[in-house]
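A.B. asks: What follows is a predicted protein model with its sequence.
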Amino acid sequence: MLKTLFYTSVACHGLATTIFLAYLFRFRSGVGKMARAALWCAFAAQLALVGTALGSTAGEALTNLELGLHLAAAILDISYLLLSARFKMPLLGGIVAPISTALLLTILFVPAAGQSGEATQMVGVLTYVHIGASVLGFAFFSASFGASLAYLLQDYSLRTKRRTGLTRMLPPLARLERVSFRMLILGFPIFTIGLILGTVWVGHVGVEVFLRPQVLFPILAWIVFGVLLQMYSTSGWRGTRAAIMNIVGYLLVLQSVLIYALRGALGA
């Protein structure tokens, strides 16, 4: 029974995540409603799972870690769902649903640390997909960062009336902002997939790796980008502040990339 509820919850969370990320490309209220409906189903499955686990016998009960992760996912789900009933925050669901999905995938792959064969092979394949998605997302973020940096340079030159050869070659502010936003929209869902699949590696190595800078920085950057997209789409939060926030998020990801590159160069 617990297994059935668990896989149902994972499937519903995966569906909710997919629809929330699809909302980035459409920005239609109907898509947001579908995503929330899927997340309500995921929460119902989580609630049933936790209730069943608490009433299970010792042989069938979850470990303290598993129960804690299930509860965390359920609390995240219901917190967002209650807030979204009062405020329009569809893009925030694109942060909450992937986090809950990642928590559940961590539970799914924790046992794989002591296994061999198909389980270990699956972890290896998903890890490569995680790396590919993360690199592709980083490439889009790099383009978005470049556009935001150019925006700040152009904005400064216009405000101070100090035009240089470089700023005269730059596109107008509106175009730079549009390019930055589009690259961010393309990179965010791909990077989200990379983060979710990264939980496979976390389950294989141990949840304590969340405290490592190369793991923590991308998560913080992902939150920054998600908040920026939410503010951009709902309140029209643009201009210099949005460009600076985008640059901050990119620098967080860049630090992680540099740490991995340095470790690779040193053979760590």
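C.D. replies: Noted; the coordinates are in hand. Numbers count the residues shown, from 1 in each chain.
A.B. asks: Could you find the closest non-adjacent residue to the residue nearest in space to the middle of the chain?
C.D. replies: The centre of the chain sits closest to T192, judged by CA atoms, centre = their mean, with a distance of 3.8 Å. The shortest distance from T192 to any residue other than its chain neighbours is 5.1 Å, reached at P98 (CB to CB, 6 or more residues apart in numbering). All C-beta spots, glycine's among them, are computed from the backbone N, C-alpha and C.
A.B. asks: repeat for W237
C.D. replies: Nearest residue to W237 in three dimensions, chain neighbours excluded: M231, at 3.8 Å (CB to CB, 6+ apart).
A.B. asks: Please identify which helix or strand holds that neighbour.
C.D. replies: Assessed by DSSP states H and E, M231 sits inside helix 213-235.
A.B. asks: Against which helices or strands is that helix packed?
C.D. replies: Helices and strands touching helix 213-235, by 3 or more CB pairs under 8 Å, 6 or more residues apart in numbering; DSSP states H and E, are helix 90-109, helix 173-205, helix 239-266.
A.B. asks: Columns mean pLDDT and distance to G146 on top of those helices, output as a markdown table?
C.D. replies: Formatted as a markdown table, these follow (pLDDT from 0 to 100; distance: least, CB to CB, whole Å):
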| stretch | mean pLDDT | distance to G146 |
| --- | --- | --- |
| helix 90-109 | 82 | 23 |
| helix 173-205 | 83 | 8 |
| helix 239-266 | 87 | 9 |
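A.B. asks: Columns distance to L82 on top of those, output as JSON lines?
C.D. replies: Converted to JSON lines, those look like this (distance: least, CB to CB, whole Å):
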{"stretch": "helix 90-109", "distance to L82": "12"}
{"stretch": "helix 173-205", "distance to L82": "23"}
{"stretch": "helix 239-266", "distance to L82": "27"}
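A.B. asks: Single out the most deeply packed of these.
C.D. replies: Among the helices and strands packed on helix 213-235, helix 90-109 has the highest mean neighbour count (mean count of other CB atoms under 10 Å), at a mean of 24.
A.B. asks: That one relative to helix 173-205, how many degrees between them?
C.D. replies: Per axes from the mean of the first three to the mean of the last three CA atoms, to 10 degrees, the angle that helix 90-109 makes with helix 173-205 is 20 degrees.
A.B. asks: Helix 90-109: what's the following helix or strand?
C.D. replies: Following helix 90-109 in sequence order, the next helix or strand is helix 118-160 (DSSP H and E).
A.B. asks: Since that was my last question, I'll sign off now.
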